[in-house]
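*Asks:* just coords:
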């Protein structure tokens, strides 16, 4: 009998086929983890902007608007902040536009925004080369003590187009302005 060294072609092909099959089975799980990471990043961004609005209102003793707008595709995924101090008669944008990661948006059907009209009226804002009027965005008003100009607790529901079972829900406590995060 001959002394055999190495692997046969059949054995090598079998091992490669097993590797391909295992990779194919784990790919959906990897995509799901990637999508969940984007959703988590988006939720953290929204929560950070809410906290920033509350802190700025308290630190500067002013009204701060948290503005949530649609992008050109119609997805509710852009945020900014505007401020009006006691001495000022108009609003001033104090934060550049923040955009949520691709495929992540605030679901208007599951979100509950409860803004009341502040005085003076919310501003028309510059966004890119164009403008956006108050009729085209939603907003929440943070008062100088950090609470909201609303009696109900607003809810922002972030969802991914790729993973319907995964969501990021943020409830803003109207009496404190603090965001409360709820995850599945």
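*Replies:* Received the coordinates, thanks. The model shown is predicted, which means the values in this text are computed figures rather than measured ones.
*Asks:* give me the contact list for stretch 48-59.
*Replies:* 62-66, 79, 81, 83, 94-95, 98, 140, 142-146, 170, 172, 177-179 (Cβ atoms under 8 Å, 6 or more residues apart in numbering). All C-beta spots, glycine's among them, are computed from the backbone N, C-alpha and C.
*Asks:* report the buried members of the residues you listed.
*Replies:* 62-66, 79, 81, 83, 94-95, 98, 140, 142-143, 146, 170, 172, 177, 179 (16 or more other Cβ atoms under 10 Å).
*Asks:* please give me every residue in contact with the residue nearest the centre of the chain.
*Replies:* When the chain is reduced to its mean C-alpha position, the closest residue under Cα atoms, centre = their mean turns out to be residue 42, at 3.7 Å. With contact taken as Cβ under 8 Å, 6+ apart, residue 42 is in contact with 77, 100, 101, 104, 158, 168.
*Asks:* now intersect the residues you listed with the strands, please.
*Replies:* Residues of the contacts of residue 42 located in strands (DSSP state E): 77, 104, 158, 168.
*Asks:* quick check: PyMOL command selecting the buried ones in those.
*Replies:* This is the PyMOL syntax for the buried subset of the ones in strands among the contacts of residue 42, where burial follows 16+ other Cβ under 10 Å:
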select buried, resi 77+104+158+168
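*Asks:* all good on my end, thank you.
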